[in-house]
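>>> Pasted the sequence and its predicted model underneath.
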Amino acid sequence: MGGPVTTSVSTSVTEIETYGVERIPDEDRTARPIDLFRLAFGGANTFATCVLGAFPILFGLSFWQGLAATVLGLVAGALLLAPMALFGPANGTNNAVSSSAHLGVHGRVVGSFLSLLTAIAFFSISVWSSGDALVGGAHRLVHVPESDVTYGIAYAIFAGLVLVVCVYGFRFMLLVNKIAVMAASALFVLGAFAFAGDFDPGYAGAFASTHDAMFWPSFIGAALIVLSNPVSFGAFLGDWSRYIPANTPRRRVMGAAFLAQIATLLPFLFGLTTASIIATKAAKYVDPAAPNYVGGLLAISPGWYFLPLCLIALIGGLSTGTTSLYGTGLDFSSVFPRFNRVQATFFIGVLSIAFIFIGRFALNLTQSISTFATLIITCTAPWMVVMALGFVTRRGWYDAEDLQVFNRRQRGGRYWFAHGWNWRGMGTWLVSAVVALLFTNLPGQFVGPLGNLANGADISLPVGLALAVVLYFAALTFFPEPRAVFGPEGPRFVPSTDAEITPITGGAEEKTAEPAAAV
């Protein structure tokens, strides 16, 4: 596998983490569920989430309708995400490696590349939105010119700080997020005082009633945009939860992941509230044809709140960027073994920074990358379903050593299936993702061939989720997996076969797997 294998990990934030995706030894797994909460909440307690919170208003909903859509999407997304936190403590590695159990030794690259694309997209969105807010606030506060040079400096500061934190690793990132959670939350709460005089909870929106032809497509669309934020963390939770001891109660681990997303109601509500004020006082900034939430926020903010806005931009950009980039560097080192974790993180970071500058100044990809992120999430959701249902049918039992076959460049083991591919999970993910993309409806950006079947509503995500549940259970029922992949207690809800397991060969060491037992 990529990078050196060490016997311990320093608890000092000033020492660089050397672990890659090998299993973290029990003695070094000292994180707690509260640490997972801080990392997941800190990564979403940012301006990028505020921008998502503004979408219900951009879609024409009233404040109360927007709040209902936000709560619905957030709770549904948090419930979908929570099981993804369990793989880290169970296996001591990240979720992409754990996915070998359900998609095969080679099929695990699906999770790796989904996390890579998601990280680059959300890292870019975070840097762009936070950089724009910082420059805009500085312009209003101390008359810093709004030019390509100042925007470039702001982006470079964010990206550079993020890269440094990610290179140092988990402990440093945890420290940053401990500070970020408290600081950003306090600044958002301070915003309640800044905008209280202008806020009208009776903001009516654009629809006279719920019987309007476009109301339900707008409501569903707003809820799905909110839901996409928790889903975007699906591939990353194992990066942080792998440091939690295996004997930690599952309900506490899932509870930390769930509550971290529920806590993001704070930035979502900030975005929703301020967007309703912008729609009343500076409507040009919420024009659906060219929305500019950050510009509108600066236009309605009192002068004394410009500095807090700049601080939110700085803290939030750093927090979101680290949670996105850290796991991608970690996983890249396992897919390409010539890179250790530090080298892979630096390489991916440099590529991401280059992408940010080219996309912002040369190709104007800001809006397109938002659409790209939405499409990636549409493809990630069925993968999460396969993982969660696989965890249930396996009773949470995994062979941590056999999960490392790919990283050690070996062959065989419990999760080898058909030449390293488990077509049950792979087929479910591929078909569900493709069908979901066909139902995508992002006006002006991407509309799939079936995107207009729901009267303009984008139902790609629920279609992908529902189809994945049906297809995966059908595949496991009619084409059972070997008994040996289920552990000593056997499968739950699905049958199994007596097929034997291919012995592990190659790599630095060889291991003979146990023959499969009868059901």
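Arrived safely.
>>> List the residues that contact V110.
Contact analysis of V110 by Cβ atoms under 8 Å, 6 or more residues apart in numbering lists S99, L103, W383, M426, W429. Bear in mind the C-beta positions are built from the backbone N, C-alpha and C, glycine included.
>>> so the last one makes contact with G104?
No: the pair formed by W429 and G104 falls short of the contact definition of Cβ atoms under 8 Å, at 11.2 Å.
>>> the more surrounded of the two?
W429 (30 against 24; other Cβ atoms under 10 Å).
>>> how much space between the more buried one and F236?
For W429, the distance to F236 equals 18 Å [Cβ to Cβ, to the nearest Å].
>>> Equivalent analysis for D200, please.
To F236, D200 is 38 Å away according to Cβ to Cβ.
>>> before we move on, what about R341?
Taking Cβ to Cβ, one finds R341 at 15 Å from F236.
>>> per-residue confidence for F346?
With respect to pLDDT, F346 scores 79.
>>> Leaving out chain neighbours, which residue sits closest to it?
Closest residue in space to F346, ignoring its immediate chain neighbours: V167 at 6.2 Å, by Cβ to Cβ, 6 or more residues apart in numbering.
>>> just checking, the one you found touches A344?
No: V167 is not in contact with A344 according to Cβ under 8 Å; the separation is 10.2 Å.
>>> Counting neighbours, go ahead and name the busier of those two.
A344 (24 against 19).
>>> in a helix, that's where the more buried one is, yeah?
Yes: under DSSP: H, G, I helix; E, B strand; the rest coil, A344 sits within a helix.
>>> these two touch, right, it and F336?
Yes: in this structure, A344 is within contact of F336 by Cβ under 8 Å, at 7.1 Å.
>>> Tell me which stretches of the stretch 1-150 of the chain form helices.
33-44, 47-53, 55-58, 63-81, 87-91, 95-98, 100-103, 109-142, 148-168 (DSSP state H, counting those that start in this stretch).
>>> roughly how far out does the second one sit from the chain middle?
Centroid separation between helix 47-53 and its chain, computed with Cα atoms, centre = their mean, to the nearest Å, is 14 Å.
>>> got it, and the last one?
On the basis of Cα atoms, centre = their mean, the separation between the geometric centre of helix 148-168 and that of its chain is 21 Å.
>>> Could you do the fourth one as well?
On the basis of Cα atoms, centre = their mean, the separation between the geometric centre of helix 63-81 and that of its chain is 16 Å.
>>> Give me the helices and strands touching that helix, please.
The contact analysis (3 or more Cβ pairs under 8 Å, 6 or more residues apart in numbering; DSSP states H and E) places helix 63-81 against helix 55-58, helix 215-231, helix 250-262, helix 265-281, helix 366-393.
>>> now do the fifth one
Here helix 87-91 touches helix 95-98, helix 237-241, going by 3+ Cβ pairs under 8 Å, 6+ apart.
>>> next one: the second one
Helices and strands touching helix 47-53, by 3+ Cβ pairs under 8 Å, 6+ apart, are helix 109-142, helix 215-231, helix 265-281, helix 293-300, helix 306-335.
>>> For that helix, give me every contacting residue.
Residues contacting helix 47-53 (Cβ under 8 Å, 6+ apart): 70, 122, 125-126, 129-130, 133, 225-226, 228-229, 264, 267-272, 274-275, 293-294, 297, 312-313, 316-317, 320.
>>> now it: mean pLDDT?
Mean predicted confidence for helix 47-53 is 86.
>>> Just the CA atoms from that helix would do, formatted as PDB, please.
Output of helix 47-53 as PDB, limited to C-alpha atoms (Å, rounded to 0.1, in the frame of the first residue of the first chain):
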ATOM      1  CA  PHE A  47     -20.800  30.100   3.800                       C
ATOM      2  CA  ALA A  48     -21.200  27.300   1.300                       C
ATOM      3  CA  THR A  49     -24.000  25.900   3.400                       C
ATOM      4  CA  CYS A  50     -25.600  29.400   3.700                       C
ATOM      5  CA  VAL A  51     -25.700  29.500  -0.100                       C
ATOM      6  CA  LEU A  52     -27.600  26.200  -0.200                       C
ATOM      7  CA  GLY A  53     -29.900  27.600   2.500                       C
END
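>>> returning to what we had before: which among the helices and strands packed on helix 47-53 is found nearest to A454?
Checking these against A454 by Cβ to Cβ gives helix 215-231 as the closest, at 7.0 Å.
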